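Engineer: Could you look at this predicted model? Sequence included:
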Amino acid sequence: MSMTLWAPIGQFLGRNTDPAKPRLGRARRLYREKIWSPILPRLVQFGILAAIVAVWEIGVKVGFIDGFFWSYPSAIFKTGMIFVTQGDAFLDTWFTLKSTIIGFVIGTGAGSAIGLAFWWSQNWAGVFQPFLIVFHAIPKFALGPLVVLVFGIGLGSKVAMAVALTIVVSALATYSGVKAVDRDSENLMYSLGANRWQVFTKLVMPSALPWIISSLRVNIGLAMAGAIVGEFISSQHGLGRVIMYAGQTFDVALIWVGTIILSILAVAIYLVVGVVENTLLKGVLKR
Amino acid sequence: MLDKARIELQDVSHVFSTPTSGSVYAIDRINLGVPEGRFASIIGPSGCGKTTLFNIIAGLEQPTQGEVTVDGQNVTGMIGIVGYMLQKDLLFPWRTVLDNICLGMELRGMPMREARERAMPYLTRYGLGGFEHRYPAALSGGMKQRAALLRTLLYDSDIVLLDEPFGALDAQTKSQMQDWLLQLWADFRKTVLFVTHDLDEALFLSDEIYVLSARPGRIKAKIEVPLPRPRTRDVFASPVFIDLKRHCLDLLFDASSPQTH
Ligand SMILES: Nc1ncnc2c1ncn2[C@@H]1O[C@H](COP(=O)(O)OP(=O)(O)O)[C@@H](O)[C@H]1O
Ligand SMILES: [Mg+2]
């Protein structure tokens, strides 16, 4: 009744008062971003980089940026060429890469082994877990000078730093995986007559593997940071030492060169670990 | 009881003591015995302790009181005696279907090659042919249950416990699986203890049914199912079936023992 009576006023106000018609008053189109063609983002990224380099170079030439403290792209390029052609670029890069990888492998391997070992006894896991967490909380860089004293200024101290940074990460991640092992699956194994070693190798290890793998990418970054800090403190080789030395001699362009090479190295290792991670995960979680 | 029981429970009770919610009285003085080659079902409301009872029989849980015997020998708290299919399929995602089915044989120390050779004919015969090298994620719910069941049956034990194996399946798949299970049981000739909360299923499959009360689970009645074998789905309409069903329903929804649900 009242509906029909009020209908003209409703129509005047632009409202839908006809119960048979759908109400379109508040309807609007969902906002959807139009996705660019795949090369466009690459072009934009390249443009941004080029703009930064240009502004930097021109800024120094004009005197608007202090070239002594900041250096500038063309000087960095020149220093880079000299470092690669006449300096020890490959030796230093190889040294840093070597300590990063050795530290990463030892740290991740030992850490995973510790985490897995915790499966064997809940009691002992409870005893050791607090130690692990305390060690995790220590700022490991503070241990640097001690590590160099103990392991010398060679490769050993860099590897030790990388291990110190990575081992607990892997141990804790693996232990989480071990704690998440399905109780029912464990029961199933026992009901089929398995012994503990069989449960460990055929259930606990495969179930914890995704957790171990998930720590790889974090660990490779940490291992590199450890290696570089080791080189900062005292070293005869490595990109960390190059950067440290460049800083002490006010060779700002060389600092940039070292940093750029390190970044390229980091990205390359990251990509490799990403591929390893994906293939391993695909192997474990066959879907 | 005419035949001698192969597997027997004597006065089995279990109380869970948890730090948070105090003690849970799960099952109360269960006595039962299943003769060689028989199919016995246990039916009862959810939470009445059916899974707990199976965990005890399988040796995964030590009962607070009572004994489990197999062929007259006390096997309480001993694992590896009976085949046990747990409520979930628990197929390992990193193993192929074939290797999942071979798990029990592998754990007994059989070389993997030999185990695979033994398992293969069963896969083809029981509707998993062509899926042997796939991973469990590629299987439908019914096929997963088949694989889990084969894994249990190929484990060298002539007593098997099946805990609600078809509980999560849709009605149609479920009835296919029931027919399939009967065929399998006729082939393998095992002594079966079967848990379900589906009365039709229990009556269709079993020689005898134990009706459990709500928690703490105790045996309210043992019901013989005299329907002739082999059974077809026609039995659902037979007067014997309907009478038995009514009797069981009366027991399950008995007003004298209030249900918790
Ligand atoms: N590990 C446990 N600790 C404490 N209580 C439990 C545990 N397992 C089962 N229960 C309790 O025991 C009762 C029986 O459980 P369960 O045997 O799984 O029942 P059903 O299989 O018949 O559904 C439930 O009330 C459940 O909460
Ligand atoms: Mg249950």
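Structural biologist: All right, it came through fine. Ligands and ions are numbered 1, 2, ... in the order given.
Engineer: near chain B, anything from the helix or strand hosting A:L165?
Structural biologist: Element membership of A:L165 [criterion: DSSP states H and E] is helix A:155-179. No. No part of helix A:155-179 sits near chain B under the criterion CB under 8 Å from any CB of the partner chain; the closest distance found is 13.3 Å. (C-beta placed from N, C-alpha, C; glycine too.)
Engineer: tell me which strands and helices that helix is in contact with?
Structural biologist: Contacts defined by 3 or more CB pairs under 8 Å, 6 or more residues apart in numbering or on different chains; DSSP states H and E place helix A:155-179 against helix A:89-117, helix A:122-137, helix A:144-151, helix A:205-214, helix A:216-233.
Engineer: For B:D254, find the nearest of those.
Structural biologist: Set against B:D254 and scored by CB to CB, the helices and strands packed on helix A:155-179 come closest in helix A:122-137, at 42.9 Å.
Engineer: for the nearest residue to A:G144 once chain neighbours are set aside, what are its contacts?
Structural biologist: Computed as CB to CB, 6 or more residues apart in numbering or on different chains, the closest residue to A:G144 that is not its neighbour in sequence is A:I233, at 4.7 Å. Contacts were defined as CB atoms under 8 Å, 6 or more residues apart in numbering or on different chains; by that measure A:I233 touches A:144-145, A:147-148, A:157.
Engineer: how far away is A:I233 from A:M244?
Structural biologist: For A:I233, the distance to A:M244 equals 9 Å [CB to CB, to the nearest Å].
Engineer: just A:G115 next, same as before
Structural biologist: 35 Å.
Engineer: of these two, who's got more company?
Structural biologist: Between A:G115 and A:M244, counted using other CB atoms under 10 Å in any protein chain shown, A:G115 has the larger neighbour count: 26 against 19.
Engineer: do you know how far B:A115 is from chain A?
Structural biologist: Spatial separation of B:A115 from chain A under the definition CB to the nearest CB, to the nearest Å is 12 Å.
Engineer: Check B:W94 too.
Structural biologist: 5 Å.
Engineer: Need the per-residue pLDDT for the nearest residue to that residue once chain neighbours are set aside.
Structural biologist: Counting by CB to CB, 6+ apart, A:P206 is the residue found nearest to B:W94 once chain neighbours are left out, at 4.8 Å. The pLDDT attached to A:P206 in the predicted structure is 92.
Engineer: which parts of chain A sit against chain B?
Structural biologist: Residues of chain A lying near chain B (CB under 8 Å from any CB): A:182, A:184-185, A:187-194, A:198, A:202-203, A:206, A:283-287.
Engineer: How about the contacts made by A:L165?
Structural biologist: With the criterion set at CB under 8 Å, 6+ apart, A:L165 makes contact with A:103, A:107, A:140, A:222-223, A:225-226.
Engineer: again with A:W211
Structural biologist: Shown here is A:W211, whose contacts under the criterion CB under 8 Å, 6+ apart are A:173-174, A:176-177, A:180.
Engineer: Pull out the buried members of these.
Structural biologist: By the neighbour-count criterion of 16 or more other CB atoms under 10 Å in any protein chain shown, the contacts of A:W211 include these buried positions: A:173-174, A:177.
Engineer: ok, back up a step: tell me how far the residue nearest to A:G144 lies from A:L146.
Structural biologist: When distances are taken as CB to CB, A:I233 and A:L146 turn out to be 10 Å apart.
Engineer: try A:Q122
Structural biologist: Distance of A:Q122 to A:L146, computed by CB to CB: 34 Å.
Engineer: re earlier: which of the residues of chain A next to chain B are buried?
Structural biologist: Neighbour-count burial (16+ other CB under 10 Å) applied to these gives A:185, A:187-194, A:198, A:202-203, A:206, A:284, A:286.
Engineer: Which ones among those residues map onto helices?
Structural biologist: Where these overlap with helices, as defined by DSSP state H, the overlap consists of A:185, A:187-191, A:198, A:206, A:284.
Engineer: neighbours of A:I153, just the number please.
Structural biologist: Around A:I153 sit 17 other residues, with neighbours defined as other CB under 10 Å.
Engineer: Tell me if I'm right that it and A:H237 touch.
Structural biologist: No. A:I153 is beyond contact range of A:H237, at 9.7 Å (criterion: CB atoms under 8 Å).
Engineer: Find the closest residue to ligand 1 in the stretch 51-200 of chain A.
Structural biologist: Taking CB to the nearest ligand atom as the measure, the point where the stretch 51-200 of chain A comes nearest ligand 1 is A:R183, at 9.1 Å.
Engineer: got the contact list for the residue nearest in space to the middle of chain A?
Structural biologist: With distances taken as CA atoms, centre = their mean, the residue of chain A nearest its centroid is A:V218 (4.2 Å). Contacts of A:V218 were listed using CB under 8 Å, 6+ apart, and they are A:V169.
Engineer: Next one: it from chain B, what distance?
Structural biologist: Spatial separation of A:V218 from chain B under the definition CB to the nearest CB is 23 Å.
Engineer: pLDDT value on that residue, please?
Structural biologist: With respect to pLDDT, A:V218 has a value of 90.
Engineer: where does the stretch 101-250 of chain B come near ligand 1, residue by residue?
Structural biologist: Contact residues of the stretch 101-250 of chain B with respect to ligand 1, defined by CB under 6 Å from any ligand atom, are listed as B:R215.
Engineer: Quick one: the strands in chain B, in order.
Structural biologist: For chain B, the strands identified by DSSP state E occupy B:5-18, B:22-35, B:39-43, B:65-70, B:73-74, B:83-85, B:159-163, B:191-196, B:208-212, B:219-224, in order along the chain.
Engineer: Tabulate the ones you listed in CSV, adding columns for mean pLDDT.
Structural biologist: Formatted as CSV, these follow (pLDDT from 0 to 100):
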stretch, mean pLDDT
strand B:5-18, 91
strand B:22-35, 91
strand B:39-43, 94
strand B:65-70, 93
strand B:73-74, 92
strand B:83-85, 91
strand B:159-163, 93
strand B:191-196, 93
strand B:208-212, 93
strand B:219-224, 90
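Engineer: Let me know which of those strands is tucked in deepest.
Structural biologist: strand B:83-85 (a mean of 26; mean count of other CB atoms under 10 Å in any protein chain shown).
Engineer: is it anywhere near ligand 1?
Structural biologist: No. Using CB under 6 Å from any ligand atom, no contact is recorded between strand B:83-85 and ligand 1, whose separation bottoms out at 13.3 Å.
Engineer: Which neighbouring elements make contact with that strand?
Structural biologist: Strand B:83-85 makes packing contacts with helix A:183-191, helix B:141-153, strand B:159-163 when contacts are defined by 3+ CB pairs under 8 Å, 6+ apart.
Engineer: Please dump those into CSV; it should also carry distance to B:V235 for every row.
Structural biologist: CSV is the format used below for the helices and strands packed on strand B:83-85 (distance: least, CB to CB, whole Å):
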stretch, distance to B:V235
helix A:183-191, 32
helix B:141-153, 22
strand B:159-163, 20
